[in-house]
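I would like the atomic coordinates for the input below:
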Amino acid sequence: MEKISVGRAVHFYEADTRKQLVGPFAATVSGVHNSHGETVDLHVCMPDLEEPIDFVEEVQFSPEPKAGCWSWPPRV
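Purely as a prediction, here's the structure:
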């Protein structure tokens, strides 16, 4: 896994009321909780919501898109 640090851009996913995966949302890492970078705090951009920027704490890494987790954006 790439090394995570404050300021890195990642993707964040949520689940809607029907438990369907929603996202990806662009997010910026604002805190790293362990040396492996598996748990981070994020500022998430959600432009369709009333509050377009959300602060989400202690978000776990997932290599695949998963609700409530962050992952690396695909390389283009």
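
residues in contact with the closest residue to residue 16 other than its chain neighbours?
Excluding its sequence neighbours, the residue lying closest to residue 16 (C-beta to C-beta, 6 or more residues apart in numbering) is residue 22, at 5.1 Å. Every residue, glycine included, has its C-beta placed from N, CA and C. When contacts are counted by C-beta atoms under 8 Å, 6 or more residues apart in numbering, residue 22 touches 13-16, 67.

how about a cut-off of 7 Å?
In this structure, residue 22 makes contact with 13-16, judged by C-beta atoms under 7 Å, 6 or more residues apart in numbering.

what does residue 54 give?
For residue 54, the contact set (C-beta under 7 Å, 6+ apart) comprises 44, 46.

look up how far residue 75 lies from it.
Using C-beta to C-beta, to the nearest Å, residue 54 is found at 26 Å from residue 75.
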